[in-house]
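Asker: Attaching a predicted model along with its sequence, questions to come.
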Amino acid sequence: MYSRGMNALELSHLQKSFAGVPAVRGISLSIRQGEIFGLLGPNGAGKSTVINMIVGVTRIDSGSIRAFGYDNQRDYRMTRRMLGVVHQEVVIDNFFTVDQALKLHAGYYGVKDDPVWRQLLIDRLGLRPHLEKVMLKLSGGLKRRFMIAKAMIHKPQLLILDEPTAGVDVELRHGLWDFIREINRQGTTILLTTHYLEEAEQMCDRIAIMNHGELIALEETHELVRRLSNRRLRLWLESPLEEIPTALTGYRPKLKADGRELLLCLPTGEGAGILLQQLCELGLKVRDIETDQGGLEEVFLQLTGMKGDEDVH
Amino acid sequence: MSTDQGPGYYSWLPFVTLLRKEILRFWRVASQTLLPPIITALLYLFVFGATLGERLSVLEGFSYAQFVIPGLILMGVINNSFANTSSSLFMSRYLGGIVDLLVTPVSPSQFIMAYTLAAMLRGVLIGSAVWMLSTLFAGLPWQSPWLAILMALLASFLFAQFGLIAAIFAHNFDTLSMYSNFLILPLIYLGGVFYPISILPEPWKKLSFLNPLFYLIDGFRHAILGVGDTSFLLAFGVSGTIALGLFCWAAWLIGKGHRLRT
């Protein structure tokens, strides 16, 4: 059906405007088969517009999208059956119960209902006690799980999850991520957007960050974090420091614990050797030292120019 | 049977599934979709068949009940075909469920045909129920039963298309009900369901010929009673042309994803 070597998704110079206002400005990126790819960005960055263009809900102004080598406009039937999508907004259809809707949904994709697969999804997503309920009777978390089951019922090659855990409690979030990891191990490529950056950092092989409709970063997750986040040093001093020496200003120093604890940030790409040498020259005696690497959240805030209290978790 | 789109893929299945879903949608809520129009028709039949009808005569050789029953049958067909496509598609748009469909391989032609056939089925079911109930009040001569069936199918097809178009352009439920209350209903009532156009004074008589519903109703009655205000061919030709025009419009709108895709 498709070559194993090709990318699961290729976006090329993708552009979209709404009423003359650009929402997506020339995005190009590729998602490899079998990876978990995170598309991050603040609200209004254009993530959902990109996803809607991939799945065909939003028309493309210019550029192209290829899924497993097929153009999503010309070969839309082929591409759409390879994709499964969980939209950010909960879609409600109260005419059918969970079980009936799942049975029907496979047919829209041109595949016959596979009871074994359906039962597996029902069990793994904890829907069994709710099979005879209509959507209106489901809680928010159950609606999300049902939407994931619907998106997976035709066994897509690429599963797109647009904020799948928005408004979902911690326990369920963990359960959903475990399930997503499991289907990924079985070969399904995952494209996800989330505001939970810690989860994105743990889940994603690669991450793209969008802001104002543009791609501002695309890298392996650990490389992105390593390259763009600062290492932090926490020093416990033998004797309290009354004033921070001006030589340390470049390390964004902070004093704590009555001057006995000094917090410093190493500039990106710089080792601790130079700093330690400077501390010796300043005559500061260090009793203990602790280092930690900043996370994706720091990178995200730095790249998008957001403050720490905005829109990320 | 699979297609060139890979093993396990059945190109007809999206259409059959959508058709099944659309039929189940009205069947599951039959008390809201099938029962009320039948009760309304029964009331009309009672009023015009068993009470007033005995004192009225508008067409020589036929009782008033015989005259009015074809119009009532077609009214049921028209109203329900329109209601099915318009409410189903509009609710999908309004509640966001349309997105579930837009991301699937259902093609625009499969989309239109599934919605249309389900609407036609609902319209024909109501029309058949009204006809069966009408036998309690008067028998019909059924001069050309196949032509009558053809006109009923054409009416249901035409209003299924109109329902799709209305659902695409409606902004809210009020706009949608305006199509029924302020367009279809007056056109039906002024289209010769309850009286022959020939008894109207001018200019109402001439104006009635501009009413597209008149041709559907008159053609259907002509096929059943063997007489009408105009020839069957003209009635069929005008109705067929309008149906084709609406179908092309609906197909264009859905093909473009107008107000469905962003």
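Answerer: Done, it's in.

Asker: Tell me which residues touch the residue nearest the centre of chain B, please.
Answerer: Nearest to the geometric centre of chain B sits B:Ile78, at 2.6 Å (CA atoms, centre = their mean). Under the criterion of CB atoms under 8 Å, 6 or more residues apart in numbering or on different chains, the contact partners of B:Ile78 comprise B:Gly123, B:Ala155, B:Ser156, B:Phe159, B:Ile184, B:Ile188, B:Leu213, B:Leu216. (Glycine included, C-beta is placed from N, CA and C.)

Asker: Which of the three states applies to the last one?
Answerer: So that's B:Leu216. At B:Leu216 the chain is in helix, as set by DSSP: H, G, I helix; E, B strand; the rest coil.

Asker: just checking, B:Ile224 touches B:Trp146?
Answerer: No: under the criterion of CB atoms under 8 Å, B:Ile224 makes no contact with B:Trp146, lying 11.4 Å away.

Asker: Just want to know which of these two has more residues nearby.
Answerer: Counted by other CB atoms under 10 Å in any protein chain shown, B:Ile224 and B:Trp146 do not tie: B:Ile224 has more neighbours, with 26 against 9.

Asker: what sits against that one?
Answerer: With the criterion set at CB under 8 Å, 6+ apart, B:Ile224 makes contact with B:Pro70, B:Leu140, B:Pro141, B:Trp142, B:Gln143, B:Ser144, B:Ala148.

Asker: From B:Arg20, how far out is the residue nearest to the centre of chain B?
Answerer: Distance, B:Ile78 to B:Arg20, by CB to CB, to the nearest Å: 24 Å.

Asker: And for A:Arg232?
Answerer: The gap separating A:Arg232 from B:Arg20 is 60 Å, by CB to CB.

Asker: The two: who's more crowded?
Answerer: A:Arg232 (17 against 14).

Asker: just checking, what packs against the helix or strand where that one lies?
Answerer: Using DSSP states H and E, the secondary-structure element containing A:Arg232 is strand A:231-237. Counting by 3 or more CB pairs under 8 Å, 6 or more residues apart in numbering or on different chains; DSSP states H and E, the packing neighbours recorded for strand A:231-237 are strand A:261-266, strand A:286-293.

Asker: partners of the following helix or strand past that strand in the sheet?
Answerer: With elements assigned by DSSP H and E, the helix or strand that comes after strand A:231-237 is strand A:254-256. For strand A:254-256, the paired strands and their directions (DSSP bridges) are strand A:261-266 (antiparallel).

Asker: what angle sits between the partner strand and strand A:231-237?
Answerer: Here the directions of strand A:261-266 and strand A:231-237 differ by 150 degrees (axes from the mean of the first three to the mean of the last three CA atoms, to 10 degrees).

Asker: Only alpha carbons, please: show strand A:261-266 as PDB.
Answerer: The C-alpha atoms that make up strand A:261-266 are tabulated as PDB, following Å, rounded to 0.1, in the frame of the first residue of the first chain:
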ATOM      1  CA  GLU A 261      22.700  29.100  49.000                       C
ATOM      2  CA  LEU A 262      23.600  30.600  45.600                       C
ATOM      3  CA  LEU A 263      21.600  29.800  42.400                       C
ATOM      4  CA  LEU A 264      23.300  30.200  39.100                       C
ATOM      5  CA  CYS A 265      22.300  29.500  35.400                       C
ATOM      6  CA  LEU A 266      24.900  28.400  33.000                       C
END
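
Asker: Show me what the mean pLDDT comes to for it.
Answerer: Predicted confidence along strand A:261-266 averages 83 (mean pLDDT).

Asker: can you list the residues that contact it?
Answerer: A:230-237, A:241, A:244, A:248, A:251-256, A:272, A:275, A:284.

Asker: and it with strand A:286-293, angle?
Answerer: In this structure, strand A:261-266 runs at an angle of 40 degrees to strand A:286-293, with the same axes, to 10 degrees as the basis.

Asker: and the helix or strand just after strand A:261-266, what other elements does it pack with?
Answerer: Toward the C-terminus, strand A:261-266 is succeeded by helix A:273-281 as the next helix or strand (DSSP H and E). For helix A:273-281, there is no helix or strand it packs on, judged by 3+ CB pairs under 8 Å, 6+ apart.

Asker: Could you pull out the buried residues of helix A:273-281?
Answerer: Residues A:Leu275, A:Leu279 are the ones in helix A:273-281 that count as buried (16 or more other CB atoms under 10 Å in any protein chain shown).

Asker: Can you check what angle separates it from strand A:286-293?
Answerer: Orientation of helix A:273-281 against strand A:286-293 (the same axes, to 10 degrees) gives an angle of 160 degrees.

Asker: Give me the contact list for helix A:273-281.
Answerer: With CB under 8 Å, 6+ apart as the contact definition, helix A:273-281 has outside contacts at A:Leu233, A:Leu235, A:Ala247, A:Leu248, A:Tyr251, A:Leu264, A:Leu266, A:Val286.
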